[in-house]
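Engineer: pasting the sequence and the predicted model now:
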Amino acid sequence: MQNYIEEHSTPPDEWLHELWRATHLHLLRPRMASGPVQGQLLRMLMQMIRPQTVVEIGTYSGYSALAMASGMEKNSRLITFEVNDEQEVFTRPWLENAPYAVRPEMCIGDVFQLLPPMNLSIDVAFIDADKRQYSDYYHLIRRFTHSGSYILADNTLWDGHVIETSYDCDPQTRGIKAFNDLVAEDPDVEQVILSERDGLSVIRVK
């Protein structure tokens, strides 16, 4: 089914295709990167929402950041936070040399320390980092959102573990489940979990 979906979806451009290939050749756990289908979804969401300020938590190889950037308008801004400083050597050149009107700004360090002083008004946030901290990321982001902001969260089905009791002791599964419950109980947002890839939550601030 996934092959069929990919064959009938707009393929990534050359830059994203080469990044996808390099991610698989040079990085451990390449599955962590958003794939071509999710990348196209992120690109189209940016074209529909037309955000001025986008924040991403969890850069990894930069695929999702660049997929979003490819759909953003000139003079908008995308800031991506990555806690693993060893990732910078691979990722930063892909971000800085991208052929898009918007080039993601990569910040290395703890997002809980780096984001608040920026005092941004966030139109779109994309969460794809430590699953154990998803609820904490959500609380952080909500401080800077407004009516009409969107929060996207990746891996919210977590290989189906969210409905398997045998994974209740796994801290990452618990983190995802707690996040999903937190969002479902927040009266100030509306949300849907898409089954694309490993689950993508689309959350809109009312």
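Structural biologist: Nice, I can see it.
Engineer: check the secondary structure at the residue most central in space within the chain for me.
Structural biologist: Per Cα atoms, centre = their mean, the C-alpha nearest to the average position across the chain is that of residue 126, at 3.6 Å. Secondary structure, DSSP: H, G, I helix; E, B strand; the rest coil: residue 126 is strand.
Engineer: beta partners for it?
Structural biologist: Per DSSP bridges, the residues bridged to residue 126 are residue 56, residue 152.
Engineer: that one and residue 151: what is the separation?
Structural biologist: 8 Å (Cβ to Cβ, to the nearest Å). The C-beta positions use only the backbone N, C-alpha and C, and glycine is treated the same way.
Engineer: now residue 1
Structural biologist: From residue 1 to residue 151 the distance is 28 Å (Cβ to Cβ).
Engineer: which one's more surrounded, these two?
Structural biologist: residue 151 (23 against 5; other Cβ atoms under 10 Å).
Engineer: and residue 107, helix, strand or coil?
Structural biologist: strand.
Engineer: that one: how many residues sit nearby?
Structural biologist: Using other Cβ under 10 Å, residue 107 has 18 neighbouring residues.
Engineer: what residue of this protein is the furthest out?
Structural biologist: Checked over the chain using Cα atoms, centre = their mean: the farthest-from-centre residue is residue 166, at 27.2 Å.
Engineer: for that residue, report the pLDDT, please.
Structural biologist: Among the per-residue scores, residue 166 holds a pLDDT of 81.
Engineer: mind checking the SS state of it?
Structural biologist: Assignment for residue 166 (three-state DSSP): helix.
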